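Asks: Here is a sequence with its predicted model. Questions after.
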Amino acid sequence: MTSRATRDAWERFQSGAVATARAEILDSWRRSKSNGVDPERLELVHTEIDYESPFVRVGAPVLLGMADLLVGNSTSLALADADGTVTWRWDSDRTVGRELDRVDFGPGSRVGESLAGTNGIGITTKTNRLSLVVGAEHYKQPWHSWACVAAPVVHPVTRRVAGTVNVACRAEDANHLLLVVVRSLVDGVASALSAASTAREKRMLDAHLSFRATATGPVVTIDRQTMIIEDSAAEFGLDRAELWSVVAEAGPSATEVAVGDGLHARLYPVVPGRLDDGVVLVIRRGKSRGLAPSTAAPAVSLGPLEQAELKVITETLAECGGNKTEVAARLGISRGTLYHRLRRYRLA
């Protein structure tokens, strides 16, 4: 659509008439209207930000590495946290910076879709997908002279969205090269986050992936600072700090804890006998139940991944009442493979 056609569509939508626009934009306009966002005035919410957050600390140098190529192009680069708050911004020249300040797009501005309407960061925060918003596609009229491309950065350890990268320019300068730039920046930030991950975090991820492959319930892996959580466990609304407090109080010798209303979790330390290196939790609904006597851990030295496999097998044995056929079916392995594992871990 041309800029004039987009402006006409925006005006028709605001008047309640049928409007034609890209599906992504129309959906966002409808959500913005439903949320009561004012299309004429900025009225943004502001908040304190942490300039030393891991995402800013790692992401800002990556964006600055490309900044030299953008000087003179009337471009702005920004980072936003997972909630859509701008946490860092770089401008190619002072004029761009002053103009963005006038439209209240800067560190501390909360530009999530529910608060600021349709914009690049807002759509990306809502959908976890790359988004392009040009001119009057923005829900707020003061932003109609701008174009922005935003894309989420997925943390390589937690596999959750760590934040958003945003590239902005004047609407008349927008082109699809912006998509190439933002994708390159996202890849760079993700690689930098991976390089900054500690050996302990990588061990947690290895254990988490091992349990996820065979566990019969949602898997969460946690330590004092990090929580790796699957989408299947997101519905439980688990809070990392509260969950860690429960685990720490139970201690490294605990095998099961209550983690919520009607929820229990089997505990598998990444390093047996220690909590500081992280704990894998396999969550299920129902009453607490212990392991069957026949599934006690073997008196052999096992590595972290072997410990993970052993714990899954013993848990499933308990849940199936020792029925080997059902255990093999749940684990997705043959009975022969299961018996081999039982002998290896001295469970048979």
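Replies: Cool, got the structure.
Asks: Measure how buried the nearest residue to Gly251 once chain neighbours are set aside is and give me the count.
Replies: The spatial neighbour of Gly251 that comes closest, neighbours along the chain excluded (CB to CB, 6 or more residues apart in numbering), is Leu275 at 7.5 Å. In this view, the C-beta of every residue, glycine as well, is placed from N, C-alpha and C. Using other CB atoms under 10 Å, Leu275 is surrounded by 20 other residues.
Asks: from now on call the first residue 20
Replies: Got it, the first residue is 20 from now on, which makes the last one we talked about Leu294.
Asks: I figured Leu294 was touching Glu268, is that so?
Replies: No: the pair Leu294 / Glu268 is not scored as a contact, 10.5 Å apart, by CB atoms under 8 Å.
Asks: Quick one: neighbours of Glu345, just the number.
Replies: 14.
Asks: Name the nearest residue to it, ignoring sequence neighbours.
Replies: Cys339 (4.3 Å).
Asks: With Val265 instead?
Replies: In this structure, Val265 finds its nearest non-sequential neighbour in Val276, 5.4 Å apart by CB to CB, 6+ apart.
Asks: ok, what's across the strand from that neighbour?
Replies: Ala284 (DSSP bridges).
Asks: okay, now it: neighbour count?
Replies: Val276, neighbours per other CB under 10 Å, totals 19.
Asks: Enumerate every residue touching it.
Replies: Val265, Val266, Ala269, His283, Ala284, Leu286, Leu300 (CB atoms under 8 Å, 6 or more residues apart in numbering).
Asks: So what's the gap between the helix or strand harbouring the last one and the chain middle?
Replies: Put plainly, it is Leu300. According to DSSP states H and E, Leu300 maps onto strand 298-304. A distance of 20 Å separates the centroid of the chain from that of strand 298-304, by CA atoms, centre = their mean, to the nearest Å.
Asks: Please enumerate the helices of the stretch 120-269 of the chain.
Replies: 132-135, 139-146, 196-215, 218-233, 250-253, 259-269 (DSSP state H, counting those that start in this stretch).
Asks: Tabulate the CA atom coordinates of the fourth one in CSV.
Replies: Below are the C-alpha coordinates for helix 218-233, written out as CSV (Å, rounded to 0.1, in the frame of the first residue of the first chain):
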residue,chain,number,x,y,z
ALA,A,218,29.6,-23.7,31.8
ARG,A,219,27.1,-24.2,34.6
GLU,A,220,24.2,-22.8,32.4
LYS,A,221,25.2,-25.1,29.6
ARG,A,222,25.2,-28.1,31.9
MET,A,223,21.7,-27.1,33.0
LEU,A,224,20.6,-26.9,29.4
ASP,A,225,22.1,-30.3,28.6
ALA,A,226,20.3,-31.9,31.6
HIS,A,227,17.0,-30.1,30.7
LEU,A,228,17.1,-31.4,27.1
SER,A,229,17.9,-34.9,28.2
PHE,A,230,14.9,-35.0,30.6
ARG,A,231,12.6,-33.3,28.1
ALA,A,232,13.3,-36.1,25.6
THR,A,233,11.9,-38.8,27.9
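Asks: elements contacting it?
Replies: Helices and strands touching helix 218-233, by 3 or more CB pairs under 8 Å, 6 or more residues apart in numbering; DSSP states H and E, are strand 238-241, strand 246-248, strand 298-304, helix 323-338.
Asks: Mind listing what's buried along it?
Replies: Using 16 or more other CB atoms under 10 Å as the test for burial, helix 218-233 gives Arg219, Glu220, Arg222, Met223, Leu224, Ala226, His227, Ser229, Phe230, Arg231, Thr233.
Asks: shouldn't the fourth one be in contact with Arg178?
Replies: If I follow you right, that is Met223. No: counting by CB under 8 Å, Met223 does not reach Arg178; the two are 11.5 Å apart.
Asks: overlap in contacts of these two?
Replies: By CB under 8 Å, 6+ apart, the residues touching both Met223 and Arg178 are Ile247.
Asks: For Asp112, find the nearest of the helices of the stretch 120-269 of the chain.
Replies: helix 196-215 (17.0 Å; CB to CB).
Asks: what distance separates that closest one from the centre of its chain?
Replies: 15 Å.
Asks: Can you name every helix or strand that it contacts?
Replies: Judged by 3+ CB pairs under 8 Å, 6+ apart, helix 196-215 is in contact with helix 73-89, strand 165-173, strand 180-189.
Asks: Now the element after the longest one, going C-ward?
Replies: Just to be clear, that refers to helix 73-89. strand 94-100.
Asks: Tell me which strands that next one pairs with, and in which orientation.
Replies: By DSSP bridges, strand 94-100 pairs with strand 105-110 (antiparallel), strand 180-189 (antiparallel).
Asks: Give me the angle between it and strand 165-173.
Replies: 40 degrees (axes from the mean of the first three to the mean of the last three CA atoms, to 10 degrees).
Asks: coming back round to it: assign a three-state SS to the residue nearest to Gly270, would you?
Replies: Classification of Leu294 by DSSP: H, G, I helix; E, B strand; the rest coil places it in coil.
Asks: which ones are touching it?
Replies: Asp242, Val266, Ala267, Gly270, Pro271, Pro288.
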